[in-house]
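J.: coordinates only, sequence not included:
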């Protein structure tokens, strides 16, 4: 297949001024996909300067014109979805159909976020004063490898319609699909949307640049702490979405097949490489045996292989180090007394495949229960009561998302108090419009929205008070 050369996108043109060349290999086959050059600090500074120079003109276009242009971006994203999904699949292993569905959904996110911008920026005024909203300026958007395209496009629409300009730095593990977004955003004025490819040093140069006014980071807890410290020292807004160890509590009164389907899908989707994957299941003892039997049967039916084959549900892990980490978690739990019901061993090459794995009753102090695994591992703990499940679900240093399955109204009320940025009970329902997403504890900081209210987070507001002249 054709190799891809990932280029920066700065001030409306492609740029390749970098340092070391990095190769990207298909995690399913080991084939060379393409390569890119890591941007040095000078190249990062050039991107930030382009964004800063473009920002005032972008703001002065007005909310209506920005909305029109970003609707074109959403259309471009749909039209490019198959190509972007192919690149995503080749560089990080995701099934192509899944990636394309995600990208179409992200186009809808953009349209939803920008839908209220004209009304949002209408100044609220009276004879004695008014409320004014303004963009922060230049936003740095640093994204991970598990959803390369959507981690950019789910956020950038709101940042841009709010009048900010953006510099994106994707993960060095899957940068090629993000580099291909230059054609999607080419309809915007030069400098409004910029991409710099690179490693951790590139990201550091970006967030440390004095002309960056806002930081949005998604990634590991360790790196998030560093990003937060830099932003805190500069006293600029910083949004951090970090790791999770998300629980699912299952009551004794639910349909077993339905509960197993939710548990398996929540654990294995995208090969478990999702921040909000189900990584800890607490099931009531009265249904544990039939639930576990159904869980194993459903997990065993998931097909594994390259994402280019539409029959496969489970692609490879991103690389060898991630597969090693997943296996270390499983193996350590087994040494400490956990029972591995299926899976538990890396599959032979080529590719970094790990099978659906079900682990029963790992100790609470094992890494499988305390650290983010980020792989196709379903961890099941049998509990004496629903209340015990809730208590154990909350006994973690993370707080990204949590879920529960129960037909008991009192238990629904108890599950509503699970400590997480997002709680889903019985698979979710209509819910409130444009709900906030605010991670707790080590899972991040900052209140995020994925609808029109995102403009509240990405603008600053101030009052203009008007008195009578004398």
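T.: Cool, the structure landed. Because the structure is a prediction, the values reported are computed rather than measured. Numbers count the residues shown, from 1 in each chain.
J.: mind listing what residue 455 touches?
T.: The neighbourhood of residue 455, defined by CB atoms under 8 Å, 6 or more residues apart in numbering, consists of 113, 116-117, 120, 133, 158, 161-162. C-beta: built from backbone N, CA, C; applies to glycine.
J.: can you put the residues you listed in TSV and add pLDDT, neighbour count and distance to residue 87?
T.: Formatted as TSV, the contacts of residue 455 follow (pLDDT from 0 to 100; neighbours: other CB atoms under 10 Å; distance: CB to CB, whole Å):
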residue	pLDDT	neighbour count	distance to residue 87
113	95	29	24
116	91	18	32
117	94	23	30
120	90	17	34
133	90	18	37
158	97	28	24
161	98	29	26
162	97	28	28
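J.: which of these sit farthest apart?
T.: Comparing all pairs in those by CB to CB, the longest separation belongs to 113 and 133, at 15.3 Å.
J.: circling back: now, the contacts of residue 455 that are in helices?
T.: Using DSSP state H, the members of those that fall in helices are 113, 117, 120, 158, 161.
J.: Excluding residues flanking it in the chain, which one is nearest residue 8?
T.: The shortest distance from residue 8 to any residue other than its chain neighbours is 4.2 Å, reached at residue 15 (CB to CB, 6 or more residues apart in numbering).
J.: Quickly note the distance from the one you found to residue 182.
T.: Here the distance between residue 15 and residue 182 works out to 10 Å (CB to CB, to the nearest Å).
J.: hey, what's in contact with both of the two?
T.: Taking CB under 8 Å, 6+ apart as the contact rule, the neighbours common to residue 15 and residue 182 are 7, 9.
J.: what sits against residue 90?
T.: Going by CB under 8 Å, 6+ apart, the list of residues near residue 90 reads 1, 4, 26, 33, 176, 307-308.
J.: which of those lies closest to residue 75?
T.: Within the set of these, residue 176 lies nearest residue 75; the separation is 22.4 Å, counting by CB to CB.
J.: hang on, the earlier thing: is it possible to get a markdown table of the contacts of residue 90 that adds pLDDT?
T.: What follows is the contacts of residue 90, written out as a markdown table (pLDDT from 0 to 100):
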| residue | pLDDT |
| --- | --- |
| 1 | 72 |
| 4 | 94 |
| 26 | 97 |
| 33 | 97 |
| 176 | 98 |
| 307 | 95 |
| 308 | 94 |
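J.: Which of those residues are buried, as a PyMOL select command?
T.: Selecting in PyMOL just the buried members of those, where the criterion is 16 or more other CB atoms under 10 Å, is done with this command:
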select buried, resi 4+26+33+176+307+308
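J.: what lines up beside the host helix or strand of residue 240 in the sheet?
T.: According to DSSP states H and E, residue 240 maps onto strand 238-241. Each strand paired with strand 238-241, and its direction, by DSSP bridges: strand 214-218 (parallel), strand 444-445 (antiparallel).
J.: burial of residue 369, as a residue count?
T.: Residue 369 has 24 neighbouring residues, counting by other CB atoms under 10 Å.
J.: Wait, it touches residue 247, no?
T.: No: with contact defined as CB atoms under 8 Å, residue 369 and residue 247 do not form a contacting pair (10.0 Å).
J.: intersection of neighbour lists for the two?
T.: The overlap between the contact sets of residue 369 and residue 247 (CB under 8 Å, 6+ apart) consists of residue 280.
J.: ok, the residue nearest to residue 376 when sequence neighbours are not counted to residue 372 distance?
T.: Taking CB to CB, 6+ apart, and ignoring the residues beside it in sequence, residue 376 has residue 272 as its nearest neighbour in space, at 4.4 Å. Residue 272 sits 10 Å away from residue 372, taking CB to CB as the criterion.
J.: which neighbours do those two share?
T.: residue 279.
J.: before we move on, the earlier item: for the strands paired with strand 238-241, which has the smallest mean pLDDT value?
T.: Summarising mean pLDDT across the strands paired with strand 238-241, the least confident stretch is strand 444-445, with a mean of 92.
J.: And the average pLDDT for the helix or strand following that strand is what?
T.: Sequence order places helix 454-457 as the next helix or strand after strand 444-445, per DSSP H and E. Predicted confidence along helix 454-457 averages 92 (mean pLDDT).
J.: What about the residue lying closest to residue 121 once chain neighbours are set aside, how many residues nearby?
T.: Nearest non-adjacent residue to residue 121, counting by CB to CB, 6+ apart: residue 63, 4.4 Å away. For residue 63, the count of nearby residues is 20 (other CB under 10 Å).
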